[in-house]
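# starting from these lines, generate the structure:
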Amino acid sequence: MTAGAEDAGERLDRVLAAHLTALSRTRLKALVLAGRVAIGGRTIRDPGHRVNAGDRLTVAVPPPEEATPQAEAIPLAVVYEDDDLIIIDKPKGLVVHPAAGNRTGTLVNALIAHCGATLSGIGGVKRPGIVHRLDKDTTGLMVVAKNDRAHQSLAAQFADHGRSGPLERAYLAFVWGVPERPRGTIDKPLGRHPQARERMTVRHDGRVAVTHYEVLERYPGTDATPVASLLLCRLMTGRTHQIRVHVASIGHPLLGDHVYGAGFRTKAALLPEPARAALAGLGRQALHAHILGVEHPTSGQHQVYRSELPADLDFLRKALRGTNPRAAG
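Take a look at the predicted model:
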């Protein structure tokens, strides 16, 4: 590439970022530092080097390195896929990213195997670009980038949380009790629990966290008074365990959430027997990523996807409604 008059006096890393939009600025800086960028045949290792109009810049981009996580043939429910991104419907029990105690059998391992050669690499490594996560036992929709350009676009959308862009995320949440208002907003900052670091909690010095909710259904207990409800929760931020902590903080923790709703286990005795049995067999928090809307990183088109309740939560819903779930199945 040849620098134009508009590039004169600009930093090298900024000129590269303006012309090579498929690569992230971090990736381009790493290439400069690695000696893979030359001006007029002379290697430049300073990202702040000033570029002159007419300078001829050469960038040697190495082929993507093989991913450290191994490819594993794990079945995936693919909702949409193209050269830029893949949207999957995550099942319960699937960890998103390899970590201590979960080095294999993760969504990343599955995506490396599924996408194969279509992964052009994130930051020079053949790996999927994870821009958001779902807890191991939360089901539903996730979007993953397949190249640097898509990763930048999706990461920016998730960082904006839909405040000025098209990002949309909505979850179906079965909670104990019924909120006083049919619609409301939970605006409480979240941070790590001071003693139990694997948990999150509401704290004044935490990060801003906002959840909008709407009551969709109310479920009667054995005495006919509502004992549980179904909420549609829309995220305006994306903090770890956000919905789980927020609904618990207003006295309505998720059914099946033994971390943030442990004190509500005895409430199960108020459920009709079929619902009590369905909850006992659930074995996880009753939360599902229902709606996902993103702007496509290449076409700019707004794409919205929906995932209906998986079998275990649909079974629970029918039991809570008083419908015989086995007969209805």
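# show me where pLDDT drops low in the stretch 1-150 of the chain?
Applying pLDDT under 70 to the stretch 1-150 of the chain picks out residues 4-5, 64-68, 100-102, 120-126.
# would you state the helices of it in chain order?
12-19, 25-33, 107-115, 148-160 (DSSP state H, counting those that start in this stretch).
# quick one: residues in contact with the longest one.
Going back to what we said before, that points to helix 148-160. Residues external to helix 148-160 that are found in contact with it (C-beta atoms under 8 Å, 6 or more residues apart in numbering): 21-24, 27, 84-85, 120-123, 129, 131-132, 143, 145, 165-167, 238, 294-295, 297-298. The C-beta positions use only the backbone N, C-alpha and C, and glycine is treated the same way.
# among these, which ones are buried?
Buried by 16 or more other C-beta atoms under 10 Å: 23-24, 27, 84-85, 120-122, 129, 131-132, 143, 145, 165-167, 238, 294-295, 297, out of those.
# which phi and psi does the most centrally placed residue in the chain have?
Among the residues of the chain, the one closest to the centroid is His132, at 2.4 Å (C-alpha atoms, centre = their mean). Dihedral pair for His132: phi -160, psi 160, per degrees, to the nearest 10.
# surely it touches Thr240?
No. Applying C-beta atoms under 8 Å, one finds His132 not in contact with Thr240, separated by 10.7 Å.
# from what I see, His296 and Ile87 are in contact.
No. With contact defined as C-beta under 8 Å, His296 does not count as touching Ile87 (10.7 Å).
# where do the helices sit along the stretch 151-300 of the chain?
Applying DSSP H, counting those that start in this stretch to the stretch 151-300 of the chain gives helices spanning 242-249, 273-280.
# just the ones you listed: most buried one?
Neighbour counts (mean count of other C-beta atoms under 10 Å) averaged over each of the helices of the stretch 151-300 of the chain peak at helix 242-249, with a mean of 24.
# span of stretch 281-298 from start to end?
Separation of the first and last residues of stretch 281-298 by C-alpha to C-alpha, to the nearest Å is 43 Å.
# what mean pLDDT does that stretch get?
For stretch 281-298, mean pLDDT rounds to 96.
# for stretch 160-174, same thing?
Over the span of stretch 160-174, the pLDDT mean works out to 88.
# how far does that stretch sit from the chain's center?
11 Å (C-alpha atoms, centre = their mean, to the nearest Å).
# any buried residues in that stretch, and which?
161-162, 165-174.
# of all these, which comes closest to Asp205?
If you rank the buried residues of stretch 160-174 by distance to Asp205 using C-beta to C-beta, His161 comes first, at 20.1 Å.
# isn't Val245 right next to Gly261, touching?
No. Val245 is not in contact with Gly261 according to C-beta under 8 Å; the separation is 10.5 Å.
# and for the spatially closest residue to Thr2 that is not a sequence neighbour, the neighbour number?
With sequence-adjacent residues excluded and distances taken as C-beta to C-beta, 6 or more residues apart in numbering, Thr2 is closest to Arg56, at 5.2 Å. Applying other C-beta atoms under 10 Å, we find 11 residues neighbouring Arg56.
# surely Arg56 touches Gly40?
Yes. Using C-beta under 8 Å, Arg56 is in contact with Gly40, at 5.7 Å.
# give me the number of residues near Pro194?
Other residues within reach of Pro194, judged by other C-beta under 10 Å, total 9.
# so it versus Thr106, what's the distance?
29 Å (C-beta to C-beta, to the nearest Å).
# how about Arg50?
From Arg50 to Thr106 the distance is 44 Å (C-beta to C-beta).
# of those two, who's got more company?
Ranked by neighbour count (other C-beta under 10 Å), Arg50 and Thr106 place Thr106 first, with 20 against 13.
# distance check, the more buried one against Pro98.
5 Å.
# show me the beta-bridge partners of Ile87.
For Ile87, the beta-bridge partners under DSSP bridges are Tyr80, Val143.
# the closest residue in space to the residue nearest to the centre of the chain that isn't next to it in sequence and Ala196, how far apart?
Spatially, and ignoring its direct neighbours in sequence, His132 is nearest to Phe158 (5.4 Å; C-beta to C-beta, 6+ apart). Distance check for Phe158 against Ala196: by C-beta to C-beta, it reads 26 Å.
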